[in-house]
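1. fold the following, please.
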Amino acid sequence: MALTRDVKMPSDAELTVPQEITISTPYLKAVGPYMHMHCEAEIKEYMLRRRELEDPRATLKEGAAVTACGVRFLQSLKKNCAEQTKAFADCIDHGSSKLYVSKCRAEQAKMDQCVEEQLHIKRPALGYFSKPMVYESAKPRPVVVQRDYKAEAAKVIAELPEEYHLRSDYRNYRDWRYNVAESHVLVLQNFKNIK
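-> Numbers count the residues shown, from 1 in each chain. Got it, this is the predicted structure:
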């Protein structure tokens, strides 16, 4: 999207949320699946609107709702399963240099049990996030506006002054194109003609 002077950018007040999520990668890998299950409706609404509108400025409210849901989840997780979360995240951090979760299945099982008992969130099955899903939004589908480029070009050409010179000596791309063999043959013929 090209930015011009006509594009209205959001203000700092519109971009500010009450609290940002600032956790490290091992913690995010540890709590990510549970956070997604807790905030699934908000995430799907945000992703659908972001894809349909194709303008990040139009989805600031949905993005703020996702952030707020994530903060609420992390607060409840800290209150109920802080020890298990810390053990799992530390294992991810120190278990391998590439932060593999596979080295920490014992800690993951303890965290799964705590989150399921305390927060009533079950860890999604393997492949859950790869499945195609259909989400029906409560908001109406946006109207797609198709620009008529030919009409716009005709209008611009009609507004040009009478003395404006339009080029008529252009050639098609195929007229200019030579493959390597053709150009080589032309060079050899010209070289023979010089002798």
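2. for the rest of this, base every contact and every neighbour count on C-alpha atoms.
-> Noted.
3. residue 164 sits in which helix or strand?
-> Using DSSP states H and E, residue 164 sits within no helix or strand.
4. which of the helices or strands spans residue 136?
-> Going by DSSP H and E, residue 136 is not in any helix or strand.
5. next, give phi and psi for it.
-> Main-chain torsions, residue 136, degrees, to the nearest 10: phi -100, psi 120.
6. kindly provide the distance from residue 105 to residue 92.
-> 10 Å (CA to CA, to the nearest Å).
7. what's the mean pLDDT across the helix or strand containing residue 26?
-> Using DSSP H and E, residue 26 falls within helix 25-38. Helix 25-38 shows a mean pLDDT of 96.
8. please apply the same query to stretch 85-101.
-> The average of the pLDDT scores along stretch 85-101 is 94.
9. got it, and stretch 64-78?
-> 96.
10. mind checking how far that stretch is from the chain centre?
-> Distance of stretch 64-78 from its chain centroid, counting by CA atoms, centre = their mean, to the nearest Å, is 21 Å.
11. in that stretch, which residues are buried?
-> 64-71, 73-74, 77 (16 or more other CA atoms under 10 Å).
12. cool, stretch 104-115 as well?
-> 104, 107-108, 110-115.
13. let's see which of these end up in strands.
-> Of these, none are assigned to strands by DSSP state E.
14. export the residues you listed to a markdown table and tack on pLDDT and distance to residue 22?
-> Formatted as a markdown table, the buried residues of stretch 104-115 follow (pLDDT from 0 to 100; distance: CA to CA, whole Å):
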| residue | pLDDT | distance to residue 22 |
| --- | --- | --- |
| 104 | 95 | 23 |
| 107 | 96 | 23 |
| 108 | 96 | 22 |
| 110 | 97 | 24 |
| 111 | 96 | 21 |
| 112 | 96 | 23 |
| 113 | 97 | 25 |
| 114 | 97 | 23 |
| 115 | 97 | 21 |
